[in-house]
Structure formats: C-alpha cells, structure tokens
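Q: Quick check, what structure comes out for this input:
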Amino acid sequence: MSRFALVAVLLLLAPMASAQVTDVYNFETTQQEQRFQDLIDELRCPKCQNQNIADSNSPISKDMRAEVYRRMRAGESNDQIVDALVDRFGEFILYRPQVEKRTILLWATPAIAVLGGLLVVIGVIVRSRRQTDETPELTAEEKARVARILAEDDQDNRA
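A: Presented below is the predicted three-dimensional model:
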C-alpha cells in the first residue's frame, strides 16, 4: 500500500518538476510595463528563427529581457537600450534594420519589385494594343470569299 501511495505522489509531483519559471518583473507604472513589453516585442531572438524575445524561452532571450529591464530601471531611453543590445548581439536582433548604405538594397527591394511588375504589365498592354492596331485589312479576294461563305450559309438556313 505504501508503494502505491509513493507512486501516486510522484506522479502528481512530476508535472511540477518540468514546469518553467516565468520571469517576473516589477514596474512602478503601467506605462513602464507597456514600454518594456513594446521593447521585447520588437527585438528578435538571435538564436530562434524569427521569434521575438518576448515569446522565446531560450536562455539568450531571458538574458536579453533581463538586460532590457535592468537598463530601463537605470533610466536609459529606448534608443539607448536598443543600441546597447545591437552592439552586443548585432543588427540581426532588429526586425526593422536602420537605413544605411549597406542596407539600402534591403529597404529598396519591395519598391523595385513593384516597379518591375508595373513595367511588365505596361509592356504587355502596349504590345497587345500594337498587335490589334496592326491587323491588316481584307483584300478584295478575301472579302469576296467571305461573302460567298455567308451567302451559302444563308441558303442552307432557309432550306
């Protein structure tokens, strides 16, 4: 009987052993809490595939959240916090990298793609209009043949 009780207690305690401890940060105002949430939502985890540090459970994301909180408590601005983390982890952590000479192509690619698509569409339209404008007139022989075919069709319908 005591073995059964021991197994039951272990089975009940097993889920608690695997539970994760969530980070708890204390804020003086809801504005500070919202600012913290906005910052961790806009920073990407360097380890995870396209996941922000707010949603990631990786150790590096936990460290980054703690660093954001520590810097906020120290009175740093959002830009100072982001710059410090970029210096430490690289620009990969930014979902919206800064516009610089080396990132201009990254920022210009959507506009280039749309412009290229518009040029292709305009080219297709112009080409199709040119082809319809260049249709030749029927020669006298072709007109006579069409008239004969229509006359024969008319006679077949009357009969």
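
Q: and Pro97, that's in a strand?
A: No - going by DSSP: H, G, I helix; E, B strand; the rest coil, the assignment for Pro97 is coil, not a strand.

Q: for the protein, what are the low-confidence residue spans?
A: 1, 5-6, 8-11, 13-23, 132-135, 159 (pLDDT under 70).

Q: ok, now with 80
A: Within the chain, the segments meeting pLDDT under 80 span 1-26, 49, 95-103, 106-107, 130-136, 153-159.

Q: now the strands for it?
A: Here the chain has no strands by DSSP state E.

Q: got the domain boundaries for the protein?
A: Domain assignment for the chain by automatic domain parsing gives 2-98, 102-158.

Q: Let me know which of those domains is tucked in deepest.
A: Mean neighbours per residue, mean count of other CB atoms under 10 Å, is largest over these for domain 2-98, with a mean of 13. (Each C-beta comes from the backbone N, C-alpha and C, glycine too.)

Q: Straight-line length of that one, end to end?
A: One end of domain 2-98 to the other measures 65 Å (CA to CA, to the nearest Å).

Q: Tell me who's in contact with the nearest residue to Val68 once chain neighbours are set aside.
A: Once flanking residues are discounted, Val68 sits nearest to Leu39: 5.3 Å by CB to CB, 6 or more residues apart in numbering. Leu39 makes contact with Val68, Met72, Asn78, Ile81, Val82, according to CB atoms under 8 Å, 6 or more residues apart in numbering.

Q: now Leu39: how far from Ile112?
A: Relative to Ile112, Leu39 is positioned 32 Å away (CB to CB, to the nearest Å).

Q: Please apply the same query to Asp83.
A: Relative to Ile112, and taking CB to CB, Asp83 is found at 29 Å.

Q: same deal with Pro59?
A: Look at Pro59 and Ile112: by CB to CB, they are 39 Å apart.

Q: try Ala140
A: 53 Å.

Q: can you check Gly123 too?
A: Taking CB to CB, one finds Gly123 at 16 Å from Ile112.
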